[in-house]
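Engineer: Just need the structure, nothing else, for what follows:
(2 chains)
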Amino acid sequence: AQTVTQSQPEMSVQEAETVTLSCTYDTSESDYYLFWYKQPPSRQMILVIRQEAYKQQNATENRFSVNFQKAAKSFSLKISDSQLGDAAMYFCAYSKRFNNAGNMLTFGGGTRLMVKP
Amino acid sequence: DAGVIQSPRHEVTEMGQEVTLRCKPISGHNSLFWYRQTMMRGLELLIYFNNNVPIDDSGMPEDRFSAKMPNASFSTLKIQPSEPRDSAVYFCASSLGTPGFNWFFGSGTQLSVL
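Structural biologist: Have a look, this model is predicted:
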């Protein structure tokens, strides 16, 4: 079974600084997808960024980027120029490659990010 | 599209009562997922459907929980009888299940069992 581990229950960053959230996963699959979701106090689950395992290039979305290390099964999220609105729970998630039977998302335990003004 | 719609947003009930949570997935999506979120256990998959058929219900805690998807536009998660340890946020999500596609989550139902 696939597992996702986030070893940092809480992180803190100063506004405008950079912070990196860690995630490791375990899978025997060679093709899969990785995600970072943001959950603000409103509890809405918001997709931040996704990475296809077959792509060597790290995904980037504006101030958010990932460091995907396939051999190490590591998938960290870097937030640059942190803003107060970035304060939230962040979840790392994994899915096998899509197939006709559907695919489930497996989540890590989450990291609570606090942003200090 | 209105996104994934869940109801109710909040539910407070007494132990022993039946609780029914509802979900309307995004039109055209063929996979539907029920997740439960608690402080202790994080986000757990309870069950998921593909083309209205349950594919994996191994996450359903016990026989008190049941889920149905009678058609492509509606699903329910029922707890009978409810217990205080069922208190959690229950999320529904849907997906198209094709390469490159994403999951979309509803706003969740906050369930409190007293």
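
Engineer: What separation is there between the closest residue to B:S73 other than its chain neighbours and chain A?
Structural biologist: The spatial neighbour of B:S73 that comes closest, neighbours along the chain excluded (C-beta to C-beta, 6 or more residues apart in numbering or on different chains), is B:K24 at 5.9 Å. (C-beta placed from N, C-alpha, C; glycine too.) According to C-beta to the nearest C-beta, to the nearest Å, B:K24 and chain A sit 16 Å apart.

Engineer: Who does residue 79 form a beta bridge with?
Structural biologist: No chain in the question, so chain A it is. When bridges are taken as DSSP bridges, the partners of A:I79 come out as A:V19, A:F64.

Engineer: not quite, I wanted chain B
Structural biologist: Beta-bridge pairing for B:I79 (DSSP bridges): B:V19, B:F65.

Engineer: ok, now which ones touch B:S82?
Structural biologist: B:13-19, B:64, B:111, B:113 (C-beta atoms under 8 Å, 6 or more residues apart in numbering or on different chains).

Engineer: pLDDT score for it?
Structural biologist: Reading off the confidence values, B:S82 has pLDDT 96.

Engineer: Test of understanding: give the bridge partners of the most centrally placed residue in chain A.
Structural biologist: The central residue of chain A, meaning the one whose C-alpha is nearest the mean C-alpha position (C-alpha atoms, centre = their mean), is A:W36 at 2.8 Å. With DSSP bridges applied, the residues forming beta bridges to A:W36 are A:I49, A:C92.

Engineer: wait, it sits on A:I79?
Structural biologist: No - when contacts are counted by C-beta atoms under 8 Å, A:W36 is not listed as touching A:I79 (9.7 Å).

Engineer: Which residue ranges of the chain form strands?
Structural biologist: Unless you meant another one, I'm taking chain A. A:3-5, A:10-14, A:19-21, A:24-26, A:32-39, A:46-52, A:60-61, A:64-69, A:74-79, A:88-96, A:106-107, A:111-116 (DSSP state E).

Engineer: let's do chain B instead
Structural biologist: So, for chain B - with DSSP E - the strands run B:5-7, B:10-13, B:19-24, B:31-38, B:42-50, B:53-56, B:65-71, B:74-79, B:88-95, B:103-105, B:109-113.

Engineer: Turn those strands into a markdown table, including mean pLDDT.
Structural biologist: Conversion of the strands of chain B to a markdown table gives the following (pLDDT from 0 to 100):
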| stretch | mean pLDDT |
| --- | --- |
| strand B:5-7 | 97 |
| strand B:10-13 | 97 |
| strand B:19-24 | 98 |
| strand B:31-38 | 95 |
| strand B:42-50 | 93 |
| strand B:53-56 | 91 |
| strand B:65-71 | 96 |
| strand B:74-79 | 97 |
| strand B:88-95 | 95 |
| strand B:103-105 | 91 |
| strand B:109-113 | 97 |
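
Engineer: Please indicate which of the contacts of B:S82 are buried?
Structural biologist: Neighbour-count burial (16 or more other C-beta atoms under 10 Å in any protein chain shown) is assigned, among these, to B:13, B:19, B:111, B:113.

Engineer: Look up how far B:G3 lies from the second one.
Structural biologist: Taking C-beta to C-beta, to the nearest Å as the measure, B:V19 falls 23 Å from B:G3.

Engineer: Same check on the third one?
Structural biologist: When C-beta to C-beta is applied, the distance between B:L111 and B:G3 equals 21 Å.
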